[in-house]
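1. Sequence unavailable; structure follows:
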């Protein structure tokens, strides 16, 4: 009886609670979050030529050290430091008076020798008649002929002395041997100038030519082999043969506005550096380039080919690989490992791992996950004409 009463009481207490639970509203099920929106683009297809870039140094095609060929006191300096001089312009004048006196003396010796020849000729002419009449002996006539030959030899010596004196006098005026820009004066008027060997002769100044001008650069061993392989296949290579086109830029210039031609390749690689010295020549009519100046040099490194281009922000990286995220038609993201090349027109060359028709995440890369879905927004990739292809830039492998 007591158990029945307890059971009834428990039932009565549970009934209101159950009623309360049934009266409360049920929670609505959670809705799935929409896929993130990302920008996708197809890679740009562009015909390009990759270039190899080097650092070069300009040098003059002609350099002359001006030294005196005769010793003497310097009378005049007829140029201003750093000016342009033409071939034949008078630069220095050494006191000519000692050389003029030497020339006069040599001329007098020549006159004396010529007089002796005339007298000896007369003696021989007379001797021919006398020997025919047996008036003089053969020995006497032979002595007269010997004196004539001695006199004629003395004339030749005197003539040589005159020419030597004339040459020394001409050397007292020092003229520019080439067209170019002259350096500063190293000796001022009034100083003694020494002639002789290069080590002993006084250096007066230097002249360097300006137009055209050389630029020297070093091609590394791997690139040189690449150029030769291309040349073997009949493809024009930038630094494989003399005459190849070369483009040059100064450090403050964008692009490569100056054109030149390769005109020299060394006959062996430097064993210490593993490089081959190359030289290009280019015009310098405006005098923009100066010997000793640095410049950037580029030569064609590949034949023309059609490349796929992507912006660098579309390319992801992990510890070992470069990759892009490709979005399929159903919005599913797939990771693709790619092999990259240099920059071209501000975009990165994709060598392998991507097809031209595929859509690549270019913005919002951090919101996309391989295997997940995204809401793609298709946009076109813009090209930048200010950034030409650079073949020697370290490819993002």
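-> Perfect, thanks for sending it. As the structure is a prediction and not an experimental result, all values here were calculated from the model.

2. Could you give the number of residues near residue 170?
-> The number of residues packed near residue 170 is 14, by other CB atoms under 10 Å. Bear in mind the C-beta positions are built from the backbone N, C-alpha and C, glycine included.

3. Now do the helix or strand containing it: distance to the chain's middle.
-> When elements are assigned from DSSP states H and E, residue 170 belongs to helix 138-171. Average the C-alpha atoms of helix 138-171, do the same for its chain, and the two points are 58 Å apart (CA atoms, centre = their mean, to the nearest Å).

4. Describe which strands the helix or strand just after that helix pairs with in its sheet and in which direction.
-> Read in the C-terminal direction, the helix or strand following helix 138-171 is strand 173-175, with elements assigned using DSSP H and E. When sheet partners are counted by DSSP bridges, strand 173-175 sits next to strand 90-94 (antiparallel).

5. list the buried ones in the helix holding residue 170?
-> Within helix 138-171, the residues that count as buried by 16 or more other CB atoms under 10 Å are 141, 144, 147-148, 151, 154-155, 158-159, 161-162, 165, 168-169, 171.

6. partner residues bridging the residue nearest the centre of the chain?
-> Averaging the C-alpha coordinates of the chain gives a centre point, and the residue nearest to it by CA atoms, centre = their mean is residue 56 (3.6 Å). With DSSP bridges applied, the residues forming beta bridges to residue 56 are residue 295.

7. Is it correct that it is in contact with residue 216?
-> Yes. With contact defined as CB atoms under 8 Å, residue 56 counts as touching residue 216 (5.9 Å).

8. Okay, buried residues for the host helix or strand of residue 307 please.
-> Under the criterion DSSP H and E, the helix or strand holding residue 307 is strand 305-310. For strand 305-310, the neighbour count (16+ other CB under 10 Å) marks 307-310 as buried.

9. Turn those into CSV, including pLDDT.
-> Below are the buried residues of strand 305-310 laid out as CSV (pLDDT from 0 to 100):
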residue, pLDDT
307, 89
308, 90
309, 90
310, 91
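
10. Going by distance to residue 34, which of those residues wins?
-> Out of these, the one with the shortest distance to residue 34 is residue 310. That distance is 26.7 Å, counting by CB to CB.

11. measure the closest one to residue 251 for me?
-> Counting by CB to CB, to the nearest Å, the gap from residue 310 to residue 251 is 29 Å.

12. Residue 59 too?
-> Distance of residue 59 to residue 251, given as CB to CB: 17 Å.

13. who has more neighbours, those two?
-> residue 59 (17 against 9).

14. In terms of helix, strand or coil, where does that one fall?
-> Here residue 59 is recorded as strand under DSSP: H, G, I helix; E, B strand; the rest coil.

15. the strands in the stretch 151-300 of the chain, which residues?
-> For the stretch 151-300 of the chain, strands defined by DSSP state E, counting those that start in this stretch occupy the ranges 173-175, 180-182, 192-193, 203-208, 213-220, 245-249, 258-265, 275-282, 294-300.

16. Now tabulate these in a markdown table and tack on mean neighbour count.
-> Putting the strands of the stretch 151-300 of the chain into a markdown table (neighbours: other CB atoms under 10 Å) gives the following:
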| stretch | mean neighbour count |
| --- | --- |
| strand 173-175 | 18 |
| strand 180-182 | 21 |
| strand 192-193 | 17 |
| strand 203-208 | 19 |
| strand 213-220 | 21 |
| strand 245-249 | 20 |
| strand 258-265 | 17 |
| strand 275-282 | 20 |
| strand 294-300 | 22 |
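
17. re earlier: turn the buried residues of strand 305-310 into CSV, including distance to residue 116.
-> Formatted as CSV, those follow (distance: CB to CB, whole Å):
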residue, distance to residue 116
307, 90
308, 95
309, 92
310, 97
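
18. Quickly name whichever of the residues you listed is closest to residue 365.
-> When these are compared for distance to residue 365 (CB to CB), residue 310 comes out closest, at 11.6 Å.

19. and residue 183, how many residues sit next to it?
-> Neighbour number of residue 183 under other CB under 10 Å is 15.

20. residues contacting the closest residue to it other than its chain neighbours?
-> Of all residues not flanking residue 183 in the chain, residue 206 sits nearest, at 4.4 Å (CB to CB, 6 or more residues apart in numbering). Shown in contact with residue 206 (CB atoms under 8 Å, 6 or more residues apart in numbering): 63-66, 182-183.

21. now the stretch 151-300 of the chain, which segments are flagged as low pLDDT?
-> Applying pLDDT under 70 to the stretch 151-300 of the chain flags the ranges 236-238.

22. now with 80?
-> Counting by pLDDT under 80, the low-confidence segments of the stretch 151-300 of the chain come to 196-200, 233-241.

23. and what of the stretch 1-150 of the chain?
-> Scanning the stretch 1-150 of the chain for pLDDT under 80 picks out the ranges 1-33, 120, 123-145, 148.

24. what are the ranges of the helices in it?
-> Under the criterion DSSP state H, counting those that start in this stretch, helices of the stretch 1-150 of the chain are mapped to 2-23, 97-132, 138-171.

25. Quick one: the ones you listed as CSV, columns for distance to residue 335 too.
-> Output for the helices of the stretch 1-150 of the chain, formatted as CSV (distance: least, CB to CB, whole Å):
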stretch, distance to residue 335
helix 2-23, 50
helix 97-132, 88
helix 138-171, 80
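
26. right, and the ones you listed - which one's nearest residue 351?
-> Shortest distance between residue 351 and these, using CB to CB, is found for helix 138-171: 65.7 Å.

27. And the contacts of stretch 171-187?
-> Around stretch 171-187, the neighbours that count as contacts under CB under 8 Å, 6+ apart are 60, 62, 64, 66, 68-70, 72, 74, 77, 79, 81-96, 99, 193, 202-210.

28. Domains in the protein, by residue range?
-> As recorded under automatic domain parsing, the domains making up the chain are 38-50+304-378, 52-60+212-300, 63-208.

29. what's the longest strand seen in the chain packed up against?
-> The strand of greatest length in the chain, counted in residues with DSSP state E as the criterion, is given as strand 333-344. If you count contacts as 3 or more CB pairs under 8 Å, 6 or more residues apart in numbering; DSSP states H and E, strand 333-344 packs onto strand 305-310, strand 322-327, strand 347-352.
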